[in-house]
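> Provided below are the primary sequence and the corresponding predicted coordinates.
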Amino acid sequence: MSAPFHGKVALVTGAGSGIGRTSARAFAARGATVVVADLDAGNAAQTVKLIERGGGRASAVTVDVTDSASVQSMVDTAVSRHGGLHIAHNNAGVFTGLGPLADLDEGQWHAQLAVNLTGVMLAMKYEIRHMRDNGGGVIVNAASNIGDHVRYPGTGAYAASKAAVSTLTRAAALDHIKDGIRINAVSPGASNTSMTFMPGESEAERAARLNGTIPLGRLAETDEIVASVLWLASEESSFVVGHDLVTDGGASA
Ligand SMILES: NC(=O)c1ccc[n+]([C@@H]2O[C@H](COP(=O)([O-])OP(=O)(O)OC[C@H]3O[C@@H](n4cnc5c(N)ncnc54)[C@H](O)[C@@H]3O)[C@@H](O)[C@H]2O)c1
C-alpha cells in the first residue's frame, strides 16, 4: 500500500470504535503516526494495539471532547509526543435524545449538543491554534446525512447538532483557509456500527428497518465512509474547502 500520509501526524477523536477506529487504522496503514483519542481509554488502547499489530505507529489519549481543558491537553499531548499535528478527523459523536420534540428530555438535548457540536468546535479551536503557527493542516469533521440533508422523525436533537457541524465547518473553513488550513466535513449515512442499533435490535431487524431507506439497499461499511475522510485529508482534494461530502448510498439524493 502507498504511504500518502508518511511523515504526518493524524489525530482521530472517537477512535475507540466504529468509523473512528477504521479511520485511525487507515491513516496508520497509509504512513501517518496516529493519535487515537477517545473517552473510553480501554477501546482507544485496543485501537492502538490493532494498529501496532499491522506495523503502524500510534498512541492513545483519553479525552472528553466536551471539556475544553481536556481537548487542549489532547492537542498538546499529540504535539509533544509526536512533534506536530497535520491532520485531524473530529469524529467523536453520540446519537441520543431521540423522540418527538415536545417530549425531548432537556438534559439529553444539552448532552447531545455538547458532544456533537461543542466537541467539534473545541477540537477545531485547539487544532487550528497549533496548525496556523506550524505550516497549516487539514481537518475533517463528522457531520451526518441526518443534518443538512435528510429528515427522520424523532431525531431533532441529533439532526440539529449535525446540521450545525456542517455550518460550523463552512464558517471555520473560510476563517482559516488563509492560515493554510483546509477544513471540510463528511456526512455519513447509516453505517455498520453500534450507533445504528436500536436497544436490543438484531442485525436482521436493523436491516429490515434501514435498508429500504437507502437506495443502495444496505448500510455503509466503515471503510466506505473513511474513504471520503482519507480523500478530504489528502492532497488529491487540495481545491476542496468548506465542503460537506455526503456519503450515504443515495439516501439524500
Ligand atoms: N454510524 C452511523 O450510521 C453514522 C451516520 C452518520 C454520522 N455518524 C457520525 O460518525 C461519527 C462516528 O460514529 P460511529 O457510528 O463510529 O459511532 P461509535 O459509537 O461507534 O463511536 C463513537 C466514539 O466516540 C466516542 N465518544 C463519545 N463521546 C465522547 C466524548 N465526549 N469524548 C470523546 N470521545 C467520545 C465513543 O467512546 C466512541 O468510541 C459520529 O460523529 C456519528 O455521529 C455515524
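Structure's in. What do you need? Residues are numbered from 1 along each chain as shown.

> how near is residue 19 to residue 91?
Using CB to CB, to the nearest Å, one gets 6 Å for the distance from residue 19 to residue 91. C-beta: built from backbone N, CA, C; applies to glycine.

> between those two, who's got more neighbours?
Between residue 19 and residue 91, counted using other CB atoms under 10 Å, the more crowded position is residue 91 (31 against 28).

> and the stretch 1-150 of the chain, which residues reach the ligand?
For the stretch 1-150 of the chain, the contact set with the ligand under CB under 6 Å from any ligand atom comprises 13-14, 16-20, 38-40, 43, 63-66, 91-95, 115, 119, 142, 144.

> can you rerun that using 8 Å?
Contact residues (CB under 8 Å from any ligand atom) of the stretch 1-150 of the chain with the ligand: 13-22, 37-40, 43-44, 63-67, 70, 91-95, 114-116, 119, 142-146.

> out of those, which end up buried?
Neighbour counting with 16 or more other CB atoms under 10 Å marks 13-22, 37-39, 43-44, 63-67, 70, 91-95, 114-116, 119, 142-146 as buried within these.

> among the residues you listed, name the ones in helices.
Using DSSP state H, the members of those that fall in helices are 18, 19, 20, 21, 22, 43, 44, 70, 119, 145, 146.

> name the nearest of those relative to residue 200.
Using CB to CB, residue 18 is the member of those that sits closest to residue 200, with 19.0 Å.

> residue 218 - how many residues pack around it?
Neighbour tally, residue 218, other CB under 10 Å: 12.

> surely it meets residue 251?
No - judged on CB atoms under 8 Å, residue 218 makes no contact with residue 251 at a distance of 11.2 Å.

> quick one: neighbours of the closest residue to residue 137 other than its chain neighbours, just the number.
Spatial nearest neighbour of residue 137, chain neighbours left out: residue 131 (3.6 Å); criterion: CB to CB, 6 or more residues apart in numbering. When neighbours are counted by other CB under 10 Å, residue 131 registers 26.

> now for residue 131: which residues touch it?
Contacts were defined as CB atoms under 8 Å, 6 or more residues apart in numbering; by that measure residue 131 touches 85, 86, 137, 139, 179, 180, 181.

> pLDDT of the strand or helix carrying it, averaged?
Assignment of secondary structure by DSSP states H and E places residue 131 within helix 119-132. Averaging the model's pLDDT scores along helix 119-132 yields 98.

> how about it: buried residues?
Residues of helix 119-132 classed as buried: 119, 120, 121, 122, 123, 124, 126, 127, 128, 130, 131 (neighbour count, 16+ other CB under 10 Å).
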